[in-house]
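*Asks:* Next input, structure requested:
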Amino acid sequence: MIVHKIKCIIQSKLNQILAGAQPVVYNGTEYPFYFVDELFTTYSAMGERCFLQDFLEALEQCEDLLLLKSKNTRHSIVGEKKKVDKRQALQVLEAIENRDVGLERKIVKEIKQNVSIQEHKTNKIERQTKRLVFDYSDDDSLSSEFYEVKTGPKSLAERLSAAGSTSHQAKFAELRERMISAFGEHPVLPISSLNMALCKKHGIGFDWKTYPCEIYRHKHGTLKKFLFCCKFLKVVTFRTTYLILITPEMTQLCQKRILTYAVPPSHPKFRFYAELLLTSIFAIRVTVPYEDFYDIFKAVYFRELEGFLGMKLKKFIAMYKSPNIQLLQARDSQSVTVVPFGDESYTNYTNVNVYDEIVKMERNIEKVHVHKNETDVSVLDVLGMKKKPVGESNQGGWKDSLSDKMKQLVCIADMNIPKRIQVQSNLKVDKEREYDDLWKYLVVGVNTDNKRAYL
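*Replies:* Okay, here's the model as predicted:
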């Protein structure tokens, strides 16, 4: 009964499910069929809930679909019979399975070699520690200068760490570069799409169980825990888990994009700029829950999506009807399909001049200047009262215009000690200074009356 219901939903929404899924990419070639795991993720994002096994059985019963099962259920492939060459699909499936088996054999071989090396080193250490000699008698004082300890070798953990850390760091560094390049010029990937992005960029994904992280010989129970150890990524969970690339280069690129394309809704090219900002978030074509899009936009650009658009996202999508950002409706949920700018399935603007202009702006985005928030300008610099260096004339400067008492108050304020913990000063600000900038600086920074300053 449940399988039949799932089958009916799949048949009625087949075009939406396939449109939200990423086709299989192997050795740089895209094929007209999909991994079951990819279709299952898209199906779940539409608000439908079921077990993977029930979903697989429902796919098998669909007359219009061709299902080729793999040893790994999630790696089974499925496509429309009228579009799929079964012989070609079997070849791709066999190649993927052989690659996985070869990888497993290589891993097992490496594990056996490591175990043999460790056992040999352990036996050697045990033989050496038996010869450990302490040359002092029970009568000797422990503080005496006349004893010698002949130490054995370093601990097994220290020896293994020293022997293997370099190769592990190199392996992780190679993975780090592959993962960063898989993001391209986009900051976000759903965690379930990481391997898909890697395959699309490099033709092969990675198995987190066989890779080291930055901490030597550190175990991980899940892919999510492995990625928590990747300092160049930020793992965030809303309704789904996402990865945000937080390298300095990507952070600055996002800042430059928001500076370039954040224009008011009245701007003649607002629609194009806003769409570019939205579609530049994800590294590959994805379907995500509608509510998550708001959270992701804020996590990337540090501003509210509705405040930026001046309207709800669904209204923006309905108003402009872009093929690159679409709203999918289900009975009790909504999701958004996004095609990133620069993707092969991205639909160019019908206005060629606008498209060429945006391409040119993207190419020159690196030239946009990002202003830093930090400043080393002091309050007295702004007030024009900074002390002169030794040897320079102070004529016309703050020394000539302030009494000794005021100079002492300035020195106390310069210490930047919280007013509430200062001992009350017996000095008072000169009456003629009341309400000017220096008066404000001293009242806020110096405890002259045991009162808080609300300035």
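
*Asks:* drop to CA atoms for contacts and neighbour counts, all remaining ones
*Replies:* Will do.

*Asks:* average pLDDT for stretch 430-444?
*Replies:* Regarding stretch 430-444, the rounded mean pLDDT is 74.

*Asks:* Span of it from start to end?
*Replies:* 15 Å (Cα to Cα, to the nearest Å).

*Asks:* how about that stretch: buried residues?
*Replies:* Neighbour-count burial for stretch 430-444, counted by 16 or more other Cα atoms under 10 Å, picks out 438-439, 441-444.

*Asks:* And the furthest pair within those?
*Replies:* 438 and 444 (10.0 Å; Cα to Cα).

*Asks:* which intervals of the stretch 1-150 of the chain have sub-threshold pLDDT?
*Replies:* The stretch 1-150 of the chain contains residues with pLDDT under 70 at 1, 27-28, 74, 99-150.

*Asks:* Show me the helices in the stretch 51-200 of the chain, by range?
*Replies:* Counting by DSSP state H, counting those that start in this stretch, the stretch 51-200 of the chain has helices at residues 52-61, 86-129, 156-183, 194-202.

*Asks:* Distance check, the residue nearest to residue 25 when sequence neighbours are not counted against residue 189.
*Replies:* Leaving out its chain neighbours, the residue that sits closest to residue 25 by Cα to Cα, 6 or more residues apart in numbering is residue 200, at 5.9 Å. According to Cα to Cα, residue 200 and residue 189 sit 13 Å apart.

*Asks:* Same check on residue 90?
*Replies:* Residue 90 sits 29 Å away from residue 189, going by Cα to Cα.

*Asks:* So if I had to pick from those two, which one is more boxed in?
*Replies:* Neighbour count, other Cα atoms under 10 Å: between residue 90 and residue 189, residue 189 has more, with 24 against 14.

*Asks:* show me where the stretch 301-450 of the chain has strands.
*Replies:* Under the criterion DSSP state E, counting those that start in this stretch, the stretch 301-450 of the chain contains strands at 325-329, 334-338.

*Asks:* Please give the element, helix or strand, for residue 224.
*Replies:* helix 223-228 (DSSP states H and E).

*Asks:* Report the distance from that helix to the chain centre.
*Replies:* 12 Å (Cα atoms, centre = their mean, to the nearest Å).

*Asks:* same for that helix, what does it pack against?
*Replies:* strand 233-237 (3 or more Cα pairs under 8 Å, 6 or more residues apart in numbering; DSSP states H and E).

*Asks:* Flag every buried residue along the helix or strand following the strand it packs on.
*Replies:* Per DSSP H and E, the first helix or strand lying C-terminal to strand 233-237 is strand 241-245. If you call a residue buried by 16+ other Cα under 10 Å, then strand 241-245 has these buried ones: 242-245.

*Asks:* got it, and stretch 348-367?
*Replies:* Buried, per 16+ other Cα under 10 Å, within stretch 348-367: 358, 361, 365.

*Asks:* And the residue nearest to the last one when sequence neighbours are not counted, which helix or strand is it part of?
*Replies:* Using Cα to Cα, 6+ apart and skipping residues adjacent in sequence, the residue nearest residue 365 is residue 256, 6.6 Å away. Of the helices and strands defined by DSSP H and E, residue 256 is found in helix 248-261.

*Asks:* and the angle from that helix to strand 241-245?
*Replies:* Angle of helix 248-261 versus strand 241-245, following axes from the mean of the first three to the mean of the last three Cα atoms, to 10 degrees, is 90 degrees.

*Asks:* Report the distance from helix 248-261 to the chain centre.
*Replies:* Distance, centroid of helix 248-261 to centroid of chain: 14 Å (Cα atoms, centre = their mean).

*Asks:* For whichever helix or strand comes after it, give me every contacting residue.
*Replies:* Downstream of helix 248-261, the first helix or strand assigned by DSSP H and E is helix 270-279. Applying Cα atoms under 8 Å, 6 or more residues apart in numbering, the contact partners of helix 270-279 are 257-258, 261-265, 297, 309, 320, 324-325, 338-341.

*Asks:* And for stretch 8-16?
*Replies:* 17, 59, 62, 328.

*Asks:* need the contact list for the second one.
*Replies:* By that I understand residue 59. Per Cα under 8 Å, 6+ apart, neighbours of residue 59: 7, 10, 65, 67.

*Asks:* For those, could you give me JSON lines that also reports neighbour count?
*Replies:* Formatted as JSON lines, the contacts of residue 59 follow (neighbours: other Cα atoms under 10 Å):
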{"residue": "7", "neighbour count": "22"}
{"residue": "10", "neighbour count": "19"}
{"residue": "65", "neighbour count": "19"}
{"residue": "67", "neighbour count": "24"}
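
*Asks:* so who does residue 305 touch?
*Replies:* With Cα under 8 Å, 6+ apart, residue 305 has these contacts: 294, 297-298, 313.

*Asks:* Between which two of those residues is the distance greatest?
*Replies:* 298 and 313, at 13.3 Å, using Cα to Cα across the contacts of residue 305.

*Asks:* ok, those two, which is more surrounded?
*Replies:* Per other Cα under 10 Å, whichever of residue 298 and residue 313 has more neighbours is residue 313, with 18 against 13.

*Asks:* what separates that one from residue 294, distance-wise?
*Replies:* From residue 313 to residue 294 the distance is 8 Å (Cα to Cα).

*Asks:* Need the residues touching each of the two.
*Replies:* Contacts common to residue 313 and residue 294, judged by Cα under 8 Å, 6+ apart, are 305-306.

*Asks:* What is the burial count for the residue nearest to residue 418 when sequence neighbours are not counted?
*Replies:* Once flanking residues are discounted, residue 418 sits nearest to residue 445: 7.3 Å by Cα to Cα, 6+ apart. Residue 445: 23 surrounding residues under other Cα under 10 Å.

*Asks:* For residue 445, give its distance to residue 181.
*Replies:* 50 Å.
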